[in-house]
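Colleague: From the sequence below, what's the structure:
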Amino acid sequence: MRKLSDVILEQRPLILRGNASVADAARQMRDRSAGSVVVVDDAGRLSGIFTGRDAVARVLAEGRDPTATKLSDVMTPAPATMSPDQTAVDALRLMWDGGFRHLPLVKDGKILGVVSRGDFKGLEVDRHEEERELWEHMR
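Modeller: Numbering: from 1, shown residues only. All right, here's what the predicted structure looks like:
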């Protein structure tokens, strides 16, 4: 089974501070084809994650001005994280259970990357599906 470190090999996650505007984050997400922004505090520690889903639900749908809205006001604070030493199936399990699509990978306080559901291959997805079906039958 693939380790998450293999999934993010050579990845440069998009990292911004919480005082960045949503408009700036959206432009950088577009330019880098990124589905998320890892939000850090002034010391560079993970404080949240901002995704396209957040832009729609927390900014556009609420009628907020993206140029005046800070990431810290609309991000998902204290997101779940995983170590890059864990497996792809571990990540799929956590994302499914938590109902989210993006997962920061952190080791020793350092942000190494972000995996999303689309990063996983058929065998990993198939194994996760089998596990879910088994749990459903056991209920």
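
Colleague: so what's the most centrally placed residue in the chain bridging to?
Modeller: By Cα atoms, centre = their mean, the chain has its centre lying nearest to residue 102, at 2.5 Å. Taking DSSP bridges as the rule, residue 102 bridges to residue 116.

Colleague: Pull up the per-residue confidence for it.
Modeller: Looking at residue 102, its pLDDT reads 95.

Colleague: Residue 131 now?
Modeller: Predicted confidence (pLDDT) for residue 131: 64.

Colleague: could I get the helix or strand hosting residue 97 in CSV with only the CA atoms?
Modeller: Assigned by DSSP states H and E, residue 97 belongs to helix 88-98. Extracted C-alpha coordinates of helix 88-98, given in CSV (Å, rounded to 0.1, in the frame of the first residue of the first chain):
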residue,chain,number,x,y,z
ALA,A,88,-3.4,6.2,1.3
VAL,A,89,-6.2,4.0,2.7
ASP,A,90,-5.7,5.6,6.1
ALA,A,91,-6.2,9.0,4.5
LEU,A,92,-9.2,7.9,2.5
ARG,A,93,-10.8,6.5,5.7
LEU,A,94,-10.2,9.8,7.6
MET,A,95,-11.6,11.9,4.8
TRP,A,96,-14.7,9.8,4.4
ASP,A,97,-15.4,9.7,8.1
GLY,A,98,-14.8,13.5,8.4
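
Colleague: Fine by me, we can end here.
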